[in-house]
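Novice: No letters, just coordinates:
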C-alpha cells in the first residue's frame, strides 16, 4: 500500500515536470517566431534606407522593396533577399542583404541584382562616418569584388528557381 502512494507521487511529479518543460518549449518557440518577424522587418527597413541613400531618384518613387524571397544557396548563411517591385507591383529586380567580413568586423552589405546590369554593390548598413571613409580604400574593393561574385551565385541559384523577372 505504501509503494502505491509513493509511485503515484513519482508519477505526478514526472507529469508536472514534463508539463512545465513542454510549456517552456512552446513559449520559446512562440517568442522566436515573434522575434524573427521583427528581425526580418528591421532588415527590410535597413535595405530600404540603403537603397534610398544610394539611389534617391529610384527609391521610393519608382521602386519599392517587395516580399522576402527564400535564399536557395549554401553560401548565404546570414542573408536575406527581397524582390524589388515597380509601381504596377511587378518584380523587376532583387536585392540581397548579407553579412560581409571586412577589416573592421562584420558589416551588413546590400547588393542589387538586375539581369541586364548584373550585381551592383549598393552600400553598407549602419556605417558610422569614421568607417565610411575607410571603405573607400583599395583593400575594400577586393572584399566587395569577392562578395559581388558570391552575391551573383546566390541570386542565380535563388532567382532562377522562382523564374526571375526583369523590366
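Specialist: Yep, it's here. Note that the structure is predicted; figures quoted are calculated from it, not measured.
Novice: Residue 48 against residue 60, yeah?
Specialist: Yes - between residue 48 and residue 60 there is a contact at 7.3 Å, judged by C-beta atoms under 8 Å. For every residue, glycine as well, the C-beta is placed using N, CA and C.
Novice: So for the two, which residue has more residues nearby?
Specialist: Higher neighbour count among residue 48 and residue 60: residue 48, with 17 against 12, using other C-beta atoms under 10 Å.
Novice: Helix, strand or coil: sort out the more buried one for me.
Specialist: Secondary structure, DSSP: H, G, I helix; E, B strand; the rest coil: residue 48 is helix.
Novice: who touches it in this structure?
Specialist: Counting by C-beta atoms under 8 Å, 6 or more residues apart in numbering, residue 48 touches 59-60, 65.
Novice: and of those, the nearest to residue 52?
Specialist: Taking C-beta to C-beta as the measure, residue 52 lies nearest residue 59 of the contacts of residue 48, at 4.7 Å.
Novice: contacting residues around that closest one?
Specialist: Residue 59 neighbours (C-beta under 8 Å, 6+ apart): 48, 51-52, 65.
Novice: Would you mind measuring from the residue most central in space within the chain to residue 33?
Specialist: Nearest to the mean C-alpha position of the chain, by C-alpha atoms, centre = their mean, lies residue 80 at 2.7 Å. To residue 33, residue 80 is 16 Å away according to C-beta to C-beta, to the nearest Å.
Novice: Have a look at this protein and report its longest strand.
Specialist: The residue-count maximum for a strand in the chain (DSSP state E) belongs to strand 91-102.
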